[in-house]
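1. task: produce atomic coordinates for the following.
(one chain, ligands or ions: 1)
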Amino acid sequence: MEPLKERKEQIHRSGEEPFTLVCNKDSLAGAVSQRACVFCGSRVVLYPIADALHLVHGPIGCAVYTWDIRGALSSGPELHRLSFSTDLQELDVVFGGEKKLSAALLELIERHNPAAAFVYSTCIVGIIGDDVEAVCRGVGKTTGIPVIPVQSEGFKGNKRAGYTAACNAMARLIGTGDTRSISPHSINILGDFNLAGEIWMIREYFERMGVEVVANITGDGRVADIKRAHGAALNVVQCSGSTMDLARMMESEYGIPSIRVSYFGVEDMAQALYDVAEHFIKDAPEILERAREIVKEELEQLLPRLAFYRGELSGKKAAIYVGGTFKAFSLVKAFRLLEMEVVMVGSQTGTEEEYRELAEITDPGTIIVDDTNPLELTSFLEEKRVDIFVGGVKERPIAYKLGVGFCDHNHERKEALAGFSGMLNFAREVHSSVMSPVWRFTPQRERLETVPELLEVNR
Ligand code: SF4
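-> I've put the predicted structure just below:
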């Protein structure tokens, strides 16, 4: 199937010259984008702050759509897992929802005693023009906790605008806590959301290196930690799309430098530890030594166990479609380590520079795609005859309908895929999905089995 004419400029095949790929633009109407709305973008970022109240100001559907949206674990309070909504109805739309919002906030704060409250604006709130800022200010004064509006009306742009709204909301907390006891060798972890407990693993690596973690932003996040995040010496930013705005703001406001990392795959995980250690090399060279020891220890355990999966998976084909490109880069490298071939890679929110880099590191003919849709994905998976598709909840049914293995690398997963042990989990999951006998009974396999030369290609 040919992509829609208007979508062609958002698709590129590695090796074609010159490199051109248009991105960071509104989704094409009617193309059924895989992207979420602005509100959803802000909620996925803020949601893991576990001791905050998250109140969705809008119709109940917006809250349901994003209820418990990430498998973000907490080591303590779990208030984030409750979904609160003002449930705006027709009369509220006509006469305004401010009173309802104020009453809901007062009741919920009294009942749950949160450390802060985030109030998310949805589409309809932007249309009727409720003064959410004023209501939050009033309730904040009455209750004595930070009540922060998140300007995330769904129609305001694409998912990236939601990330910015979330960063702006967190910026209002940062700078209000006491930073006196913070070590000079300290970091904030930005852009990890503690899916399946991943941030605990990452924190442990840093702590073994002798680096203090001030705030998790936002996996297993706490309001008090975020308030004092401006006391850290370095921001370590993963998933740069979602929290890079916050890192930039903290650099201009508090002079905190930032580095970009990824914790997925062996190479990137090791590099993340080395990059943090390098930052402190002048006055604490022992941190780099400890980082080297950790990497050595972890690899000694991991590599022999990976060898089995590499042998079985060598030559199989993978397609990747994820939220941000940082993960796509790491996945390309992780598949390479497993000797698999990446034939398609795309994201919802990548930049031109990132896609150019992806085109450079992938094999000729690899499809690079921005903000795609189900029909395009279907045609790419069929054309490339992939063995496994890596994506999130919206991509899963596409893979299963086609009879292709699937690996969830997004919000809902229950398996840790970050860190060194995460790489082993990833290999194990890819292996069991690709090698599952169930694909023998799928329409794709049946079709292939009627055409022997295609079956040969698929092998
Ligand atoms: S904010 Fe708007 S686009 Fe997003 S879920 Fe609600 S109604 Fe839909």
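
2. residue boundaries of the strands in the stretch 1-150 of the chain?
-> All strands of the stretch 1-150 of the chain, identified by DSSP state E, counting those that start in this stretch, fall at 11-13, 52-57, 84-85, 116-121, 147-150.

3. which parts of the stretch 151-300 of the chain are strands?
-> Under the criterion DSSP E, counting those that start in this stretch, the stretch 151-300 of the chain carries strands at the ranges 186-192, 212-218, 234-237, 258-260.

4. for residue 107, find the nearest of these.
-> Using CB to CB as the criterion, the shortest distance between residue 107 and the strands of the stretch 151-300 of the chain is 25.2 Å, found for strand 212-218. For the C-beta atoms, the positions are set from N, CA and C on the backbone; glycine is no exception.

5. contact partners of that closest one?
-> 45-49, 72, 170, 182-183, 185-194, 199, 203, 206-207, 221-222, 225-226, 228-229, 231-232, 243, 246 (CB atoms under 8 Å, 6 or more residues apart in numbering).

6. now do stretch 427-434
-> Against stretch 427-434 from outside (CB under 8 Å, 6+ apart): 306, 309-310, 312-313, 316, 318, 338, 340, 387-388, 405-407, 415, 417.

7. of these, which is the nearest to residue 280?
-> Once CB to CB is applied, the member of the contacts of stretch 427-434 that ends up nearest residue 280 is residue 417, at 27.5 Å.

8. so how far is residue 236 from the closest one?
-> Relative to residue 236, residue 417 is positioned 18 Å away (CB to CB, to the nearest Å).

9. with residue 225 instead?
-> For residue 225, the distance to residue 236 equals 14 Å [CB to CB].

10. more neighbours, the two?
-> Taking residue 225 and residue 236 together and counting by other CB atoms under 10 Å, residue 236 has the greater number of neighbours (26 against 21).

11. related to what we said a few turns ago, for the strands of the stretch 151-300 of the chain, which one sits closest to the ligand?
-> Using CB to the nearest ligand atom as the measure, strand 212-218 is the one of the strands of the stretch 151-300 of the chain that comes nearest the ligand, at 19.8 Å.

12. list the buried residues in that closest one.
-> Buried positions in strand 212-218, judged by neighbour count with 16 or more other CB atoms under 10 Å: 212-218.

13. got it, and stretch 360-370?
-> 362, 366-370.

14. would you format the strands of the stretch 1-150 of the chain as CSV with distance to residue 281 included?
-> Formatted as CSV, those follow (distance: least, CB to CB, whole Å):
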stretch, distance to residue 281
strand 11-13, 38
strand 52-57, 36
strand 84-85, 46
strand 116-121, 36
strand 147-150, 37
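
15. residue 318 falls within a strand, correct?
-> Yes: the assignment for residue 318 by DSSP: H, G, I helix; E, B strand; the rest coil puts it in a strand.

16. contacting residues around it?
-> 331, 335, 340-343, 386-390, 430.

17. so which of those residues belong to strands?
-> Among the contacts of residue 318, the subset assigned to strands under DSSP state E consists of 341-343, 388-390.

18. could you turn the buried ones of those residues into a PyMOL selection?
-> The following PyMOL selection, which keeps only the buried ones among the ones in strands among the contacts of residue 318, applies the criterion 16+ other CB under 10 Å:
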select buried, resi 341+342+343+388+389+390
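
19. mind putting the ones in strands among the contacts of residue 318 in CSV, pLDDT included?
-> Putting the ones in strands among the contacts of residue 318 into CSV (pLDDT from 0 to 100) gives the following:
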residue, pLDDT
341, 97
342, 97
343, 97
388, 97
389, 97
390, 96
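
20. before I go, just wanted to say thanks for your time.
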